[in-house]
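**Student:** model the structure of this input:
(4 chains)
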There are 2 protein chains.
Amino acid sequence: MVPVKKYREVDENLVRQKEAAFADFIQRKGLKTTRQRNTIIATFFRLRGHISVEELLNQVKQVNPRIGYATVYRTLHLLVESSLVEERRFGDGLARYEGHSDVEHHDHMICLECGEIFEFFNPRLEALQESLAEENNFQIFRHRLELYGACKDKEACNRRKARGNTAAGAE
Amino acid sequence: MVPVKKYREVDENLVRQKEAAFADFIQRKGLKTTRQRNTIIATFFRLRGHISVEELLNQVKQVNPRIGYATVYRTLHLLVESSLVEERRFGDGLARYEGHSDVEHHDHMICLECGEIFEFFNPRLEALQESLAEENNFQIFRHRLELYGACKDKEACNRRKARGNTAAGAE
DNA sequence: TGGATTACGAAAACTGTTTTCATTTTCGGC
DNA sequence: GCCGAAAATGAAAACAGTTTTCGTAATCCA
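**Tutor:** Model prediction:
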């Protein structure tokens, strides 16, 4: 009913598809293909979850240490513009980037203990929002729903916390 | 059913009550009462809506021009700590502050045209979230739901836009 | 009322992000 | 394959919002 998506293994075919889609986008816009951008998107699409700029840059630097913040930021903007990636902000002041998952839209539960971010989708929720908007003479373009709280599975949660999960920390 | 709260007139009694509550809080914490803080909270509680720091400072300066950003920020932190005020961030990078309305919790619809922020509350929505969390073995502490879109009442919307509404602008 | 404590205000520092600018790279046309 | 216009890069500076610092001033309990 409410499939919380656990991070799947990164599907190499899907990644290739996205790289191709981005190449397309670049071409359509009359922009140029560069080694740096390729490195950045290849790295990004092979990471899972909700990636901050710093996390991405760290990974990217392992491939090409000369790439800096500016290029990463610029490439992420292009990725967002191309609709291949979404920008999210949870309460910690960092922008995080999320390669589209299979579920077109989804919401988030954020554990304030271990930092894990769970994704979920529920059609009744969407429908209810629609009807509330309707009642108020309002047209929804997009929405954002975040549930902040704690995992009830304390073992798993503590394990993640110990591992030093990287995600939207306590606000 | 879904009462979108339009800004009510500021209830002077309620304001006094909040001022008293804040004084209490200050005392309990062993802090000191100062003219500047009094000015700031008196001003804040008499403003309606979702106030940014700059908006508040502008108002405050009309009473005492020597008050600066630092004191406003510090006072707002105290207000949040005292639970008399909530901090919110819509997509425009500014923190906004909201004196508790009568409705304990509520969500927001943000018009990207005119900037108006509507508040609403719906128990079915709350219940649905609870049950989703339950299903996922997750305990909600708090949540945030924002619907971004546009007013359908175009006349009112344009009027507000012309007036240069101050609110979470386009992201 | 003295004196420890807290608050103030201006300015500097900080953080995440964007822009600038001089240099390098890409790529369509020859 | 090479030219040259256009775009991209990287380092550093700029920026915006917010926080901290630091010397001075106000508060308030004994």
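
**Student:** hey, let's count contacts and neighbours off CA atoms from now on
**Tutor:** OK.

**Student:** give the contact list for the residue nearest the centre of chain A.
**Tutor:** In chain A, the centroid-proximal residue (Cα atoms, centre = their mean) is residue A:98; its distance is 1.5 Å. Residue A:98 makes contacts with A:49-51, A:85-88, as judged by Cα atoms under 8 Å, 6 or more residues apart in numbering or on different chains.

**Student:** just the buried ones from the residues you listed?
**Tutor:** Using 16 or more other Cα atoms under 10 Å in any protein chain shown as the burial test, those include A:49-51, A:85-88 as buried.

**Student:** can you redo the residues you listed as a markdown table with secondary structure and pLDDT?
**Tutor:** Converted to a markdown table, the buried ones among the contacts of residue A:98 look like this (DSSP: H, G, I helix; E, B strand; the rest coil; pLDDT from 0 to 100):
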| residue | secondary structure | pLDDT |
| --- | --- | --- |
| A:49 | coil | 84 |
| A:50 | coil | 90 |
| A:51 | strand | 94 |
| A:85 | strand | 94 |
| A:86 | strand | 92 |
| A:87 | strand | 93 |
| A:88 | strand | 91 |
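
**Student:** tell me the one of the contacts of residue A:98 nearest residue A:152?
**Tutor:** Ranked by distance to residue A:152 (Cα to Cα), these are led by residue A:49 at 20.8 Å.

**Student:** in the sheet, who's paired with the residue nearest to the centre of chain A?
**Tutor:** With DSSP bridges as the criterion, the beta-bridge partners of residue A:98 are residue A:86.

**Student:** give me the distance between it and residue A:84.
**Tutor:** Residue A:98 is 9 Å from residue A:84, where distance means Cα to Cα, to the nearest Å.

**Student:** then residue A:97?
**Tutor:** Computed as Cα to Cα, the residue A:97 to residue A:84 distance reads 10 Å.

**Student:** so these two - more neighbours on which side?
**Tutor:** Comparing residue A:97 with residue A:84 by other Cα atoms under 10 Å in any protein chain shown, the one with more neighbours is residue A:97, at 22 against 19.

**Student:** can you pull the contacts of that one?
**Tutor:** For residue A:97, the set of contacting residues under the criterion of Cα under 8 Å, 6+ apart consists of A:50-53, A:76, A:85-88.

**Student:** ditto for residue A:10
**Tutor:** Contacts for residue A:10 were tallied using Cα under 8 Å, 6+ apart; they are A:46-48.

**Student:** which of these scores worst on pLDDT?
**Tutor:** When the contacts of residue A:10 are compared on pLDDT, residue A:48 comes out least confident, at 86.

**Student:** quick one: terminal-to-terminal distance for stretch A:111-127?
**Tutor:** When the termini of stretch A:111-127 are compared using Cα to Cα, they are 26 Å apart.

**Student:** quick check: residues of chain A near chain B?
**Tutor:** Taking Cα under 8 Å from any Cα of the partner chain as the measure of proximity, chain A contacts chain B at A:2, A:4, A:125, A:128, A:132, A:135-153.

**Student:** next step: those restricted to helices.
**Tutor:** With helices identified by DSSP state H, the entries of the residues of chain A next to chain B that belong to them are A:125, A:128, A:132, A:135.

**Student:** one step back: between the buried ones among the contacts of residue A:98, which sits nearest chain B?
**Tutor:** residue A:88 (9.6 Å; Cα to the nearest Cα).

**Student:** number of nearby residues for the residue nearest to residue A:145 when sequence neighbours are not counted?
**Tutor:** On the basis of Cα to Cα, 6 or more residues apart in numbering or on different chains, the spatially nearest residue to residue A:145 that is not a chain neighbour turns out to be residue B:145, at 4.4 Å. By the other Cα under 10 Å criterion, the neighbourhood of residue B:145 contains 17 residues.

**Student:** now the residue of chain A positioned farthest from its centre: how far from DNA strand D?
**Tutor:** Within chain A, residue A:135 marks the point farthest from the mean C-alpha position, 31.7 Å out by Cα atoms, centre = their mean. As for residue A:135, its distance to DNA strand D is 32 Å (criterion: Cα to the nearest atom of the strand, to the nearest Å).

**Student:** against residue B:98, how distant is that residue?
**Tutor:** Applying Cα to Cα to residue A:135 and residue B:98 gives a distance of 24 Å.

**Student:** close to DNA strand C, is stretch A:21-40?
**Tutor:** Yes: using Cα under 7 Å from any atom of the strand, a contact is recorded between stretch A:21-40 and DNA strand C, made by A:32-35.

**Student:** surely residue A:41 forms part of a helix?
**Tutor:** Yes: judged by DSSP: H, G, I helix; E, B strand; the rest coil, residue A:41 forms part of a helix.

**Student:** can you give me the pLDDT of the nearest residue to it once chain neighbours are set aside?
**Tutor:** Distance criterion Cα to Cα, 6+ apart; nearest residue to residue A:41, sequence neighbours excluded, is residue A:19 at 7.1 Å. With respect to pLDDT, residue A:19 has a value of 95.
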